[in-house]
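S.K.: Attaching a predicted model along with its sequence, questions to come.
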Amino acid sequence: MARSISVEQRRWRAQDDARILADAEEIRVDKKRMSSAVREAKNMVTEKQKALNSIKKVAKRTTKKTSRKK
(Lines give C-alpha, C1' and ligand atoms only; values in the text may rest on other atoms or scores of the structure.)
Protein backbone atom coordinates (compact mmCIF):
# COMPACT_ATOMS: atom_id res chain seq x y z
CA MET A 1 0.00 0.00 0.00
CA ALA A 2 1.40 3.38 -0.97
CA ARG A 3 2.00 5.75 1.90
CA SER A 4 0.30 9.09 1.48
CA ILE A 5 2.46 12.15 1.88
CA SER A 6 1.54 15.27 3.74
CA VAL A 7 0.77 18.62 2.16
CA GLU A 8 4.05 19.93 3.58
CA GLN A 9 6.01 17.07 2.01
CA ARG A 10 4.33 17.62 -1.36
CA ARG A 11 5.14 21.33 -1.18
CA TRP A 12 8.79 20.63 -0.29
CA ARG A 13 9.04 18.11 -3.14
CA ALA A 14 7.56 20.60 -5.62
CA GLN A 15 10.00 23.28 -4.49
CA ASP A 16 12.91 20.86 -4.77
CA ASP A 17 11.77 19.79 -8.25
CA ALA A 18 11.56 23.46 -9.28
CA ARG A 19 15.15 24.03 -8.09
CA ILE A 20 16.35 20.95 -9.95
CA LEU A 21 14.62 22.03 -13.16
CA ALA A 22 16.08 25.53 -12.85
CA ASP A 23 19.56 24.05 -12.40
CA ALA A 24 19.05 21.78 -15.40
CA GLU A 25 18.01 24.75 -17.53
CA GLU A 26 21.15 26.66 -16.50
CA ILE A 27 23.24 23.67 -17.57
CA ARG A 28 21.42 23.33 -20.90
CA VAL A 29 22.11 26.91 -21.95
CA ASP A 30 25.79 26.86 -20.87
CA LYS A 31 27.54 25.02 -23.72
CA LYS A 32 30.67 24.21 -21.70
CA ARG A 33 28.70 22.85 -18.75
CA MET A 34 26.43 20.84 -21.04
CA SER A 35 29.39 19.40 -22.91
CA SER A 36 31.07 18.42 -19.65
CA ALA A 37 27.88 16.89 -18.34
CA VAL A 38 27.42 14.82 -21.50
CA ARG A 39 31.03 13.65 -21.37
CA GLU A 40 30.66 12.63 -17.73
CA ALA A 41 27.37 10.88 -18.46
CA LYS A 42 29.16 8.79 -21.08
CA ASN A 43 31.90 7.95 -18.56
CA MET A 44 29.25 6.95 -16.04
CA VAL A 45 27.63 4.64 -18.60
CA THR A 46 31.00 3.00 -19.27
CA GLU A 47 31.58 2.43 -15.55
CA LYS A 48 28.07 1.04 -15.04
CA GLN A 49 28.54 -1.30 -18.00
CA LYS A 50 31.77 -2.63 -16.48
CA ALA A 51 29.97 -3.30 -13.21
CA LEU A 52 27.08 -4.99 -15.02
CA ASN A 53 29.47 -7.17 -17.00
CA SER A 54 31.05 -8.32 -13.75
CA ILE A 55 27.63 -9.15 -12.33
CA LYS A 56 26.72 -11.04 -15.52
CA LYS A 57 29.87 -13.16 -15.17
CA VAL A 58 28.91 -14.08 -11.63
CA ALA A 59 25.30 -14.82 -12.63
CA LYS A 60 26.42 -17.17 -15.42
CA ARG A 61 28.49 -19.31 -13.09
CA THR A 62 26.96 -22.55 -12.05
CA THR A 63 27.22 -23.64 -8.49
CA LYS A 64 28.89 -26.93 -7.89
CA LYS A 65 27.32 -29.07 -5.24
CA THR A 66 29.88 -30.66 -3.05
CA SER A 67 28.98 -33.84 -1.33
CA ARG A 68 29.93 -33.96 2.29
CA LYS A 69 30.94 -37.16 3.90
CA LYS A 70 29.61 -37.70 7.38
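M.R.: Done, it's in. Keep in mind that this is a model prediction, so the values were computed, not measured. Numbers count the residues shown, from 1 in each chain.
S.K.: what ranges of this structure fall below the confidence cut-off?
M.R.: For the chain, the stretches with pLDDT under 70 are 1-2, 64-70.
S.K.: what about 90?
M.R.: Where the chain drops to pLDDT under 90, the residues are 1-5, 61-70.
S.K.: Quick one: the helices in it, in order.
M.R.: Assigned by DSSP state H, the chain shows helices spanning 7-29, 31-60.
S.K.: Same list as before, those helices that is, but in JSON lines and with mean neighbour count included.
M.R.: C-beta: built from backbone N, CA, C; applies to glycine. Rendered in JSON lines, the data for the helices of the chain read as follows (neighbours: other Cβ atoms under 10 Å):
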{"stretch": "helix 7-29", "mean neighbour count": "10"}
{"stretch": "helix 31-60", "mean neighbour count": "10"}
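S.K.: for K48, what are its contacts?
M.R.: Residues near K48 by Cβ atoms under 8 Å, 6 or more residues apart in numbering: none.
S.K.: For the remainder of this discussion, apply numbering that starts at 22.
M.R.: From this message on, residue numbering opens at 22, which makes the last subject K69.
S.K.: Tell me how far it lies from V59.
M.R.: For K69, the distance to V59 (Cβ to Cβ, to the nearest Å) stands at 16 Å.
S.K.: swap in K78?
M.R.: Here K78 is placed at a distance of 29 Å from V59 (Cβ to Cβ).
S.K.: same question, K71
M.R.: Taking Cβ to Cβ, one finds K71 at 19 Å from V59.
S.K.: same thing with R49?
M.R.: 11 Å.
S.K.: Torsion angles phi and psi at I26?
M.R.: The phi/psi pair for I26 (degrees, to the nearest 10) reads phi -110, psi 150.
S.K.: burial measure for it, as a count.
M.R.: The local packing of I26 (other Cβ atoms under 10 Å) involves 11 other residues.
S.K.: With that, I have no additional questions.
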